[in-house]
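A.B. asks: all I have is the shape, not the residue letters:
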């Protein structure tokens with residue numbers, strides 16, 4: 001009598017699929033990309049971007065995008081006369097990175113408003129892959145990773161922001177990724193991460209006017225997140241300088257060029273500040289509305305998560321971030337036409353920095369926050385008149 005030595009079929013290892021490092025002796029580190037193989041990363045980014053790409057073509061074909069930020073930006077850069085003999089067009093370049101990108105996709109390629117929408121869609125796929133990568137590096141459960149991904153990616157707010165306000169979305173994306181690198185720099189003292197953080201935050205400030213507020217938020221984060229065991233005299237100020245210096249240098253240089261070539265219009269600045277009172281009343285009214293209540297509820301969920309993980313500083317930081325965001329809007333520094341920017345910022349910060357649950361209570365809390373955030377964001381989006389009308393038009397197609 002013979003006994004069979006056949007082994008039952010086994011599923012391929014993650015290393016064979018390119019999801020993890022191929023060397024079996026090497027364990028995954030916190031900075032390994034996910035998926036580990038480059039072509040799989042780009043494939044994942046494209047797959048995550050497909051729903052946004054489809055929405056971009058649909059909204060452009062239906063004319064739904066008319067009057068939205070991408071459409072207005074395309075009109076603005078179309079009016080810039082690059083053939084002028086003088087350099088007066090310098091005044092029209094602010095924000096410079098955003099203007100150059102808009103000019104490239106709307107005039108040089110040229111795709112007009114659709115070009116900006118597709119740019120936002122492709123950037124959305126890249127950003128979502130980074131969210132999934134961050135949650136994988138923190139060894140969250142797959143169910144938790146998917147809940148965060150679905151909550152961030154697939155709701156009317158994110159669709160509207162990605163496809164209708166590409167520059168603001170890019171600015172928020174640069175800010176979130178820069179803040180992630182900044183925290184690594186603060187905890188690991190990695191010069192490379194500090195360099196990346198400074199440059200990503202600079203891109204945020206130079207892509208959309210609201211990016212300036214994001215950089216201020218990141219500078220304050222540098223004060224909050226220095227670990228106590230790494231505290232040294234002057235370390236907090238030095239960390240803040242690492243975060244802010246590239247932006248300060250680029251911004252001051254651009255302001256000097258505008259001043260030198262007559263681009264600073266004092267009357268236009270005064271006119272912007274004249275509307276401060278009206279914008280302040282609008283923000284107060286938003287805070288009293290159901291949408292404001294839902295924003296507070298979503299932020300409170302993040303506070304509960306921070307309390308369970310013993311990150312009291314995160315609670316203070318989230319309050320400061322929201323306050324600075326709305327101060328920038330009140331002062332007329334920038335505009336969040338869809339109202340989606342603050343939601344994406346708060347929710348993504350939670351997903352980027354949540355840690356692996358080490359106790360049953362922490363696991364329940366993380367899962368509960370990830371589940372509850374999904375209906376909260378959906379309800380808030382559908383209560384927003386601009387986003388609701390856009391969403392109905394998109395689905396009605």
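C.D. replies: Arrived safely, thanks for sending. This one's a predicted model, so the numbers in the text were calculated from it and none came from an experiment. Numbers count the residues shown, from 1 in each chain.
A.B. asks: outline the domain layout of the protein.
C.D. replies: Listed domain ranges for the chain are 32-137, 166-262, 265-389 (source: automatic domain parsing).
A.B. asks: mind putting these in TSV, mean pLDDT, distance to residue 396 and mean neighbour count included?
C.D. replies: Using the backbone N, CA and C atoms, a C-beta is placed for each residue, glycine as well. Compiled in TSV, these are given as follows (pLDDT from 0 to 100; distance: least, CB to CB, whole Å; neighbours: other CB atoms under 10 Å):
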stretch	mean pLDDT	distance to residue 396	mean neighbour count
domain 32-137	90	9	18
domain 166-262	86	23	20
domain 265-389	85	10	17
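A.B. asks: out of the ones you listed, which comes closest to residue 147?
C.D. replies: domain 265-389 (3.7 Å; CB to CB).
A.B. asks: tell me how far that closest one is from the chain's mean position?
C.D. replies: 12 Å (CA atoms, centre = their mean, to the nearest Å).
A.B. asks: cool, stretch 383-397 as well?
C.D. replies: 22 Å.
A.B. asks: contacts for it next, please.
C.D. replies: By CB atoms under 8 Å, 6 or more residues apart in numbering, the surrounding residues in contact with stretch 383-397 are 55, 58-59, 61-62, 64, 68, 156-157, 159-160, 164, 289-291, 294, 337-340, 381-382.
A.B. asks: which phi and psi values does residue 32 adopt?
C.D. replies: Torsion angles at residue 32 (phi, psi; degrees, to the nearest 10) stand at phi -60, psi 140.
A.B. asks: that one and residue 133: what is the separation?
C.D. replies: 9 Å (CB to CB, to the nearest Å).
A.B. asks: and the helix or strand where residue 61 lies, what does it pack onto?
C.D. replies: Using DSSP states H and E, residue 61 sits within helix 38-62. Contacts defined by 3 or more CB pairs under 8 Å, 6 or more residues apart in numbering; DSSP states H and E place helix 38-62 against helix 112-137, helix 156-164, helix 385-396.
A.B. asks: got TSV for these, with distance to residue 355 too?
C.D. replies: Formatted as TSV, the helices and strands packed on helix 38-62 follow (distance: least, CB to CB, whole Å):
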stretch	distance to residue 355
helix 112-137	10
helix 156-164	24
helix 385-396	32
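A.B. asks: which of those helices sits closest to residue 182?
C.D. replies: helix 112-137 (13.5 Å).
A.B. asks: give me the contacts around the helix or strand following that closest one.
C.D. replies: Sequence-wise, the next helix or strand downstream of helix 112-137 (DSSP H and E) is helix 142-153. Residues from elsewhere that reach helix 142-153 (CB under 8 Å, 6+ apart): 48, 51, 124, 128, 131-132, 135-136, 140, 158, 344, 347-348, 350-351, 354, 366-367, 370-371, 373-374, 377.
A.B. asks: in helix 142-153, what's buried?
C.D. replies: 144, 145, 147, 148, 149, 151, 152, 153 (16 or more other CB atoms under 10 Å).
A.B. asks: closest to residue 309 among these?
C.D. replies: Using CB to CB, the shortest approach to residue 309 within those belongs to residue 144, at 13.5 Å.
A.B. asks: could you check the angle the helix holding residue 61 makes with helix 142-153?
C.D. replies: Angle of helix 38-62 versus helix 142-153, following axes from the mean of the first three to the mean of the last three CA atoms, to 10 degrees, is 30 degrees.
A.B. asks: how far does helix 38-62 sit from its chain's centre?
C.D. replies: Relative to the chain's own centre, helix 38-62 is displaced by 17 Å; criterion: CA atoms, centre = their mean.
A.B. asks: mind checking what helix or strand follows that helix in sequence?
C.D. replies: helix 69-78.
A.B. asks: so how far is that next one from its chain's centroid?
C.D. replies: 21 Å.
A.B. asks: so what touches that helix?
C.D. replies: 65, 92, 98-99, 102-103, 106-107, 112-113, 115-117, 120, 163-168, 335, 337-338.
A.B. asks: show me what the helix or strand following that helix is packed against.
C.D. replies: Going down the chain from helix 69-78, the next helix or strand is helix 96-103, by DSSP H and E. With contacts defined as 3+ CB pairs under 8 Å, 6+ apart, helix 96-103 has these neighbours: helix 69-78, helix 166-188, helix 191-207.
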